[in-house]
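> no FASTA, just this:
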């Protein structure tokens, strides 16, 4: 379905396109974004998804307290680090949030 929506080469702005998508659908979106890039489209994506920012060759920017900063790598993103920390020990976070 997404492929038909982005069939024409162009510039696309997507705001959290991963919302309401399953894990596997997000992987499909990564593949679609790569196809769009190879066909000549430019896509600017605002996301909180570590899956979407993993797209090889993507220019990564992070918006934080110091404004917008370009990140050199996937591993340098606070988004990725925060998800890794949570997934490695959810209880460390949840003990402060739930009884």
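The structure has been received and is ready for your questions. Everything quoted here is computed from the prediction, not taken from an experiment. Numbers count the residues shown, from 1 in each chain.
> tell me where this structure has helices.
With DSSP state H, the ranges of helices along the chain come out as 2-5, 23-38, 78-88, 90-94.
> how about these, which one is nearest residue 61?
Closest to residue 61 of those is helix 78-88 (C-beta to C-beta; 11.3 Å). Bear in mind the C-beta positions are built from the backbone N, C-alpha and C, glycine included.
> flag every buried residue along the closest one.
Residues of helix 78-88 classed as buried: 79-80 (neighbour count, 16 or more other C-beta atoms under 10 Å).
> so for it, what's the average pLDDT?
Average pLDDT, helix 78-88: 95.
> and it, what does it pack against?
strand 60-64, helix 90-94 (3 or more C-beta pairs under 8 Å, 6 or more residues apart in numbering; DSSP states H and E).
> and among these, the most buried is which?
strand 60-64 (a mean of 13; mean count of other C-beta atoms under 10 Å).
> direction included, what does that strand pair against?
Using DSSP bridges, strand 60-64 pairs in its sheet with strand 67-71 (antiparallel).
> ok now the strand it pairs with, how far from the chain's centre?
15 Å (C-alpha atoms, centre = their mean, to the nearest Å).
> name the residues of it that come out as buried.
Going by neighbour count (16+ other C-beta under 10 Å), the buried part of strand 67-71 is residue 71.
> now do the same contact list for residue 70.
59-61 (C-beta atoms under 8 Å, 6 or more residues apart in numbering).
> state the distance from the most centrally placed residue in the chain to residue 13.
By C-alpha atoms, centre = their mean, the chain has its centre lying nearest to residue 52, at 2.9 Å. Distance from residue 52 to residue 13, counting by C-beta to C-beta, to the nearest Å: 14 Å.
> and for residue 24?
Note on residue 24: its distance to residue 13, by C-beta to C-beta, is 24 Å.
> and residue 39, by the same measure?
Taken as C-beta to C-beta, the span from residue 39 to residue 13 is 17 Å.
> where are the low-confidence patches of the chain?
For the chain, applying pLDDT under 70 flags the ranges 1-4.
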